[in-house]
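structure, please.
(chains A, B, C and D)
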There are 2 protein chains.
Amino acid sequence: MAEVPPPAPTGDELLKVLSALGNPHRLRIVAALVENRNYVSALAREIGMGRPLLHMHLQRLEAAGLVVGTLELSEDGKAMKYYEVAPFFYELTPPVIARAAATITENADRTDRTAKEEAK
Amino acid sequence: MAEVPPPAPTGDELLKVLSALGNPHRLRIVAALVENRNYVSALAREIGMGRPLLHMHLQRLEAAGLVVGTLELSEDGKAMKYYEVAPFFYELTPPVIARAAATITENADRTDRTAKEEAK
DNA sequence: ATCACCTGTCAAAGATTCCTGACACATGTC
DNA sequence: GACATGTGTCAGGAATCTTTGACAGGTGAT
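Okay, the predicted model is just below:
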């Protein structure tokens, strides 16, 4: 039952994780979800933040694989999207960064528009 | 000789480290310095980047405590600023983030102008 | 129907970060 | 003195990220 995945993330992956976590709001969001999973609207009220904004931050975190969202149907039929933190584990040390930096392929993120322009 | 400093960085500290590392250029800079210490101008040529820009990135990294710079005088009298990576070690896990997030005092960075405006 | 919840997306404005081309200063060499 | 190489800083524009206020659609209850 010993599971220790060798800390050797790719440059793009590490980059996505670091930039996702390098923001006070996102850090608080993760912290709030560690306490207990929650759905968007409730979380927004809990940490005093607009829904559209929180929604965007959650997407960034989810894209980095730090949280996972599940669309569930409450007993009264309402559709709620619950989010909870994913069990991640990253080690930040000079060697790890050195290895990761070697595998950076620029355009790591980009939402979509780039895809089309890329095809030109 | 066992030295395992309990991974419990403050929110502001962790935030500074994460945002500093959350940038492809900075990641490469650290990687380059892991191989061998170097002075600004040479490093700039090595990784193909303007000096002013590299200078700025190095400051960001140094402010986060990830690299340290030393102004040395080469034998021929030239003043060179050598940079090398600091032996850092951060663990990124939900619990660590939860604890760190509790100690965020906003205005963690800010260069100076904010200071005056703060006093208004 | 109207209200109270939930979800999601957009466009436009604001605030930051990133980057570049000068500029200033110092020392050793031709 | 004119070069070459080092250091550092500044202003201004380009590129990104952050934030807000609509808007659209869905279900259950009054």
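
which parts of chain A are strands?
With DSSP state E, the ranges of strands along chain A come out as A:38-39, A:67-73, A:79-85, A:90-92.

now the spatially most central residue of chain A: how far from B:Leu53?
When Cα atoms, centre = their mean is applied to chain A, the residue found nearest the centroid is A:Leu61 (1.8 Å). Distance of A:Leu61 to B:Leu53, given as Cβ to Cβ, to the nearest Å: 29 Å. All C-beta spots, glycine's among them, are computed from the backbone N, C-alpha and C.

A:Met1: neighbour count?
By other Cβ atoms under 10 Å in any protein chain shown, 2 other residues sit near A:Met1.

what pLDDT does it get?
For A:Met1, the pLDDT comes out at 74.

next: A:Asp112.
Reported pLDDT for A:Asp112: 42.

got it, and A:Pro7?
69.

CA atoms only: put stretch A:74-82 into PDB for me.
The C-alpha trace of stretch A:74-82 is given here as PDB (Å, rounded to 0.1, in the frame of the first residue of the first chain):
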ATOM      1  CA  SER A  74     -29.800  17.200  -5.400                       C
ATOM      2  CA  GLU A  75     -32.800  15.300  -4.100                       C
ATOM      3  CA  ASP A  76     -35.100  18.200  -5.100                       C
ATOM      4  CA  GLY A  77     -33.900  18.000  -8.700                       C
ATOM      5  CA  LYS A  78     -31.600  21.000  -8.600                       C
ATOM      6  CA  ALA A  79     -28.300  20.600 -10.500                       C
ATOM      7  CA  MET A  80     -25.400  21.500  -8.300                       C
ATOM      8  CA  LYS A  81     -21.700  21.300  -9.200                       C
ATOM      9  CA  TYR A  82     -19.700  20.100  -6.300                       C
END
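
mind listing what's buried along that stretch?
Across stretch A:74-82, burial judged by 16 or more other Cβ atoms under 10 Å in any protein chain shown covers A:Tyr82.

pLDDT (mean, whole number) over that stretch?
91.

hmm, back to that, kindly reformat the strands of chain A as CSV and extend each row with distance to B:Arg45.
Converted to CSV, the strands of chain A look like this (distance: least, Cβ to Cβ, whole Å):
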stretch, distance to B:Arg45
strand A:38-39, 51
strand A:67-73, 41
strand A:79-85, 43
strand A:90-92, 28
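
do you know which of these lies nearest chain B?
Across these, chain B has its closest neighbour in strand A:90-92 (3.9 Å, Cβ to the nearest Cβ).

who does that closest one pair up with?
strand B:90-92 (antiparallel) (DSSP bridges).

which parts of chain A sit against chain B?
Within reach of chain B by Cβ under 8 Å from any Cβ of the partner chain, chain A has these residues: A:11, A:14-15, A:17-24, A:27-28, A:30-31, A:34-35, A:85, A:87-95, A:97-98, A:100-102, A:104, A:106, A:108.

can you say which of the residues you listed are buried?
For the residues of chain A next to chain B, buried by 16+ other Cβ under 10 Å: A:11, A:14-15, A:17-24, A:27-28, A:30-31, A:34, A:85, A:88, A:90-92, A:94, A:97-98, A:100-101, A:104.

now, which of those residues lie close to DNA strand D?
For DNA strand D, the contacts drawn from these by Cβ under 7 Å from any atom of the strand are A:19, A:23.

residue numbers of chain A in contact with DNA strand C?
A:39-42, A:51-52, A:55, A:69, A:71, A:78-81.

what about 6 Å?
Residues of chain A lying close to DNA strand C (Cβ under 6 Å from any atom of the strand) are A:39-42, A:51-52, A:55, A:78-81.
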